[in-house]
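Enquirer: model this:
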Amino acid sequence: MAEPNIGELITYTLRNRKGKVADNVSNSNALLYHLRKKGNMKSVPGGRVLTCPLEYGEGDYQRYSGFDTLSIEAAQVHDAAEYTPVQSAVPIAISGRDRRMNRGKAQVINLVSAKVKNAERTMANNVSSDIYSDGSASNQIGGLQAIVADDPTTGTVGGINAATYDWWRNNMVDVSSEVGTVNAANVKLGMNKLWLECIRGRDKPDLIVADANYYDYYEQTLQALQRYADSDKAAVGFTSLKYKSADVVYDGDSGMPADGMYFLNTEYLKLEAYAGANFEATAEKLSVNQDADVRHLLFMGNLTCSNRSLQGRLKS
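Expert: Residues are numbered from 1 along each chain as shown. The predicted structure follows:
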């Protein structure tokens with residue numbers, strides 16, 4: 001029986017797992033899982049930047065009578081946030097030594113499967129961490145620490161400086177200074193305050209992501225009450241509760257900063273990736289100076305936000 005060609009086998013394996021890689025990435029992170037279920041993990045065809053149209057004001061409203069002159073001035077109420085795409089890659093490399101030492105159909109299949117799964121796990125762990133980052137590392141996703149900042153009055157997100165434009169600031173409640181030393185007795189006071197700041201009409205947070213301490217504080221407030229969990233999230237391993245209409249999810253293993261919560265309106269958050277680099281693999285590459293077969297899992301895109309004023313940060 002002819003020995004399977006490793007290059008063709010890797011290609012076949014990745015082709016059959018296309019889409020599953022992105023699913024595996026999202027299933028490792030509560031926020032990404034929520035975005036995928038909402039349809040907010042998007043593939044874009046191209047472009048130099050990721051552009052999010054913004055609406056930050058109202059047009060002119062004029063009361064008049066009879067033949068009063070009506071204003072024809074156009075109000076500037078629209079703008080756009082622009083996010084620079086960043087890139088990351090994970091190699092799937094098999095050396096000639098490994099190839100020769102794993103001859104035989106079963107051994108080759110096991111080798112390829114192990115390499116592909118390791119690449120997926122590596123991509124998932126690092127993207128999950130970057131989603132919560134401040135984007136300060138080179139070529140790093142601009143994560144929640146930038147978009148939903150501890151200090152909303154500073155920093156540039158999407159090319160817009162929050163120090164200049166107050167409508168481009170997230171909400172923030174510091175429990176220590178506004179409520180007192182955070183504990184199970186008063187954590188809900190901080191949550192109630194931030195919740196109201198994040199509401200606009202029918203818009204309100206639909207996901208609250210917590211670290212271990214804040215999740216524990218909140219859970220303790222519910223011990224004597226019936227608790228409601230999202231069975232859909234529980235099925236993929238996320239521990240979740242309910243606060244008003246929002247899911248409260250512990251995501252401390254994904255890079256979530258300690259001692260706090262994010263109140264997120266995910267209607268205005270998207271993970272956008274370029275077609276061909278949406279957790280997809282490159283074609284086979286034969287190294288010109290090594291005895292090896294190489295592919296790369298690729299991501300090119302960024303986390304984007306079109307309304308920061310409806311996002312919130314609870315911290316101490």
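
Enquirer: quick one: terminal-to-terminal distance for stretch 44-52?
Expert: One end of stretch 44-52 to the other measures 12 Å (C-alpha to C-alpha, to the nearest Å).

Enquirer: tell me which element I109 falls in.
Expert: helix 105-131 (DSSP states H and E).

Enquirer: Then K37?
Expert: helix 30-38.

Enquirer: who touches stretch 248-258?
Expert: Residues outside stretch 248-258 that contact it (C-beta atoms under 8 Å, 6 or more residues apart in numbering) are 28-31, 34, 128-133, 143, 145, 207-213, 215, 218, 233, 238-242, 261-262, 315. (Glycine included, C-beta is placed from N, CA and C.)

Enquirer: which stretches of the stretch 51-200 of the chain aren't confidently modelled?
Expert: Counting by pLDDT under 70, the ranges of the stretch 51-200 of the chain that qualify are 55-58, 74-78.

Enquirer: re earlier: how far out from the middle of the chain is the helix holding K37?
Expert: 8 Å (C-alpha atoms, centre = their mean, to the nearest Å).

Enquirer: Flag every buried residue along it.
Expert: The neighbour-count criterion (16 or more other C-beta atoms under 10 Å) identifies 30-36 as the buried residues of helix 30-38.

Enquirer: which of those residues sit farthest apart?
Expert: Spatially, the most separated pair among these is A30 and R36, at 10.9 Å (C-beta to C-beta).

Enquirer: quick revisit: among the contacts of stretch 248-258, name the buried ones.
Expert: 28-31, 34, 128-133, 143, 145, 207-211, 213, 215, 218, 233, 238-241, 261-262, 315.

Enquirer: the helices in the stretch 1-150 of the chain, which residues?
Expert: Secondary structure of the stretch 1-150 of the chain by DSSP state H, counting those that start in this stretch: the helices cover 6-16, 20-27, 30-38, 96-101, 105-131, 144-147.

Enquirer: For Y274, which of the ones you listed is the nearest?
Expert: Taking C-beta to C-beta, helix 20-27 is the member of the helices of the stretch 1-150 of the chain nearest to Y274, at 12.8 Å.

Enquirer: count of neighbours near G46?
Expert: By the criterion of other C-beta atoms under 10 Å, G46 has 8 neighbours.

Enquirer: okay but it is in contact with E272, surely?
Expert: No - counting by C-beta atoms under 8 Å, G46 sits too far from E272 to count as a contact (11.5 Å).

Enquirer: now A246: how far from V157?
Expert: Noted for A246: a distance of 23 Å to V157, by C-beta to C-beta, to the nearest Å.

Enquirer: again with A275
Expert: As judged by C-beta to C-beta, A275 and V157 stand 25 Å apart.
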